[in-house]
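Chemist: What follows is a predicted protein model with its sequence.
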Amino acid sequence: LNALAGITAPYGDLVEHVGRKTGAKGTKKGDVVVTLSEEDVPGAQGRYVIEAKDRRLTLAATWRELDSAMANWEASAGVAVFASGENAPTNLPFFYSGERAIVVLDREDPDPAALTLACLFARWVVRRRCAPASNVPDPERMAAGIERIQRALARVSTIRGHLSTSAKATGQAREHLDDLAAEVRDALAELAAEVER
């Protein structure tokens with residue numbers, strides 16, 4: 001989750017790794033807490049929590065873990081970040097419901113776009129709860145923007161998958177071609193030797 005510093009820095013948010021600390025509920029639920037800048041939530045302590053996941057979870061289990069982490073760190077929003085699409089409970093790189101979101105940040109090919117969207121989503125949720133209504137982005141425009149980016153991220157993920165499959169197939173075809181070419185060379189050498197007898 002090193003990408004978080006670059007994502008949150010422009011807003012002046014504080015990123016704290018809390019995986020080994022005990023929160024308000026006396027547990028260690030939650031890996032990272034992001035506290036919004038005072039400027040965005042005047043007079044309040046607005047925060048969201050991030051849970052890093054490297055194992056398969058169902059959607060219901062993911063929501064439960066996020067709810068526990070949010071309660072433990074008194075956070076208004078929660079984001080589960082999965083290290084691979086195979087372990088995530090959704091086939092989308094970004095998915096949300098209520099004040100919780102799921103992101104796939106593939107460790108093999110980390111593209112921070114979905115995590116950036118998740119952080120923007122979480123900031124919006126926190127500001128809706130903690131900031132004066134006059135200081136919060138328009139909900140309809142935010143929802144429309146999130147959905148547009150969500151669709152684009154899904155397309156990017158699909159195209160990446162096809163390119164990866166294509167590259168793998170091309171690599172395998174190259175190996176077969178090289179083997180066949182070597183077989184032709186060997187056969188030509190044998191035939192040449194036969195002709196010279």
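Modeler: Sure thing, it's come through. Values in this document were obtained by computation on a predicted structure and should not be read as measured data.
Chemist: now for the longest helix seen in the chain, which elements pack on it?
Modeler: What stands out as the longest helix in the chain, according to DSSP state H, is helix 139-196. With contacts taken as 3 or more C-beta pairs under 8 Å, 6 or more residues apart in numbering; DSSP states H and E, helix 139-196 sits against strand 94-97, helix 113-130. The C-beta positions use only the backbone N, C-alpha and C, and glycine is treated the same way.
Chemist: change it to 10 Å
Modeler: strand 94-97, strand 100-104, helix 113-130 (3 or more C-beta pairs under 10 Å, 6 or more residues apart in numbering; DSSP states H and E).
Chemist: Nearest to Gln45, out of these?
Modeler: Smallest distance to Gln45 across these (C-beta to C-beta): 7.8 Å, for helix 113-130.
Chemist: who touches stretch 151-164?
Modeler: 85, 91-95, 103-104, 106, 108-109, 111, 113-114, 117 (C-beta atoms under 10 Å, 6 or more residues apart in numbering).
Chemist: Pick out the lowest-pLDDT one from the residues you listed.
Modeler: Lowest in pLDDT among the contacts of stretch 151-164 is Asp109, which has 74.
Chemist: show me the contacts for that one.
Modeler: Asp109 sits in contact with 160, 164, where contact means C-beta under 10 Å, 6+ apart.
Chemist: of the contacts of stretch 151-164, buried ones?
Modeler: 85, 92-95, 103-104, 106, 111, 113-114, 117 (16 or more other C-beta atoms under 10 Å).
Chemist: wait, what's in contact with the nearest residue to Gly12 once chain neighbours are set aside?
Modeler: What sits nearest to Gly12 in space, not counting adjacent residues and going by C-beta to C-beta, 6 or more residues apart in numbering, is Ser37, at 3.7 Å. By C-beta under 10 Å, 6+ apart, Ser37 lies in contact with 8, 11-14, 46, 123.
Chemist: I'd like to know which of the contacts of stretch 151-164 is nearest to Gly26.
Modeler: Nearest to Gly26 among the contacts of stretch 151-164 is Val103, at 27.3 Å by C-beta to C-beta.
Chemist: could you give the mean pLDDT of the longest helix of the chain?
Modeler: Here the average pLDDT along helix 139-196 is 82.
Chemist: That one relative to helix 113-130, how many degrees between them?
Modeler: Counting by axes from the mean of the first three to the mean of the last three C-alpha atoms, to 10 degrees, helix 139-196 lies at 170 degrees to helix 113-130.
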